[in-house]
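Trainee: predicted coordinates and the sequence they were generated for:
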Amino acid sequence: MKSIGIIGGGFGLYGYLPAAISCGLKVITCLKYLKLFDQRDDIDQFIDQIEFKNKEETIIKEADILVIARRPEDQDKLLNNIDPGKLLIIEKPIARTPKVAGAIINKLAKECVDYRIGFTFLETSWYNELKFFYTANKANINYLEINWSFQAHHYEMELINWKRNINEGGGAFKFYGCHILSLLAGIDKWDINGIDSFCYNENDEYMFKLELQNLK
């Protein structure tokens, strides 16, 4: 049985953990996350199927597949110590800035690391429907608009954390908008005409408007 190590006590647990269990993988994660299972009914049921380790270094060494789902500022440090022989799954955003993210990607490519980034929109049925519609009707489409509106958990609960801070890798565009870029990149090639950012304050971006044009 292949093992999957999960580093990250947020989406790493409530997102990747159930998926790993459903795939029949042996799950290894940090002992310090044990207390979080009592707080979440959606993952508490899996506690007996998990092997807990004291140190992240042990997880990195023993796991065949490694999930890193930490804050952007933490992921850079972890990704500098990854065995190239592992399959690596990185949660987005992978770094605080595009420059740092680009350096990480270049490093992984240079070391021939097999990696994936958590752009899960590409696995949804509506992405496949959009791709099919666009491909079939591209010649006749002059304008395509995507409106994505919802209340993020950190705003709904009035939490002040990195997810809403541009300088820490958060904000509407870095944290959510990257999904849209990934989705669009999967159906065509584009030029970015412009992007407008809307903020509550200097660092707290709650909305963006992105305009692209396909390369014909």
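Mentor: Cool, the structure landed.
Trainee: drop to CA atoms for contacts and neighbour counts, all remaining ones
Mentor: Noted.
Trainee: what about H179, how many residues nearby?
Mentor: 19 (other CA atoms under 10 Å).
Trainee: so who does it touch?
Mentor: Residues near H179 by CA atoms under 8 Å, 6 or more residues apart in numbering: F119, T120, F121.
Trainee: again, only this time at 7 Å
Mentor: Contacts for H179 (CA atoms under 7 Å, 6 or more residues apart in numbering) come out as F119, F121.
Trainee: and the helix or strand hosting it, what's buried?
Mentor: Per DSSP states H and E: H179 is located in helix 178-185. Buried residues in helix 178-185, defined by neighbour count with 16 or more other CA atoms under 10 Å: H179, I180, L183, L184.
Trainee: going along the chain, name the helices of this structure.
Mentor: 11, 17-22, 34-37, 41-44, 56-62, 72-79, 98-110, 125-137, 153-156, 178-185 (DSSP state H).
Trainee: mean pLDDT and distance to D196 added to those helices, as CSV?
Mentor: Formatted as CSV, those follow (pLDDT from 0 to 100; distance: least, CA to CA, whole Å):
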stretch, mean pLDDT, distance to D196
helix 11, 93, 28
helix 17-22, 96, 35
helix 34-37, 93, 38
helix 41-44, 92, 37
helix 56-62, 92, 39
helix 72-79, 87, 23
helix 98-110, 92, 17
helix 125-137, 94, 24
helix 153-156, 87, 20
helix 178-185, 92, 15
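Trainee: which one of these lies nearest to I146?
Mentor: helix 178-185 (8.9 Å; CA to CA).
Trainee: thinking again about what came up before, tell me the angle of the helix holding H179 relative to helix 125-137?
Mentor: For helix 178-185 against helix 125-137, the angle by axes from the mean of the first three to the mean of the last three CA atoms, to 10 degrees is 30 degrees.
Trainee: gap between helix 178-185 and the chain center?
Mentor: Computed by CA atoms, centre = their mean, to the nearest Å, the chain-centroid distance of helix 178-185 equals 12 Å.
Trainee: cool, and stretch 164-172?
Mentor: The mean C-alpha position of stretch 164-172 is separated from the chain mean by 14 Å, CA atoms, centre = their mean.
Trainee: which residues touch it?
Mentor: By CA under 7 Å, 6+ apart, the list of residues contacting stretch 164-172 reads 72-73, 93, 95-97, 162-163, 203-208.
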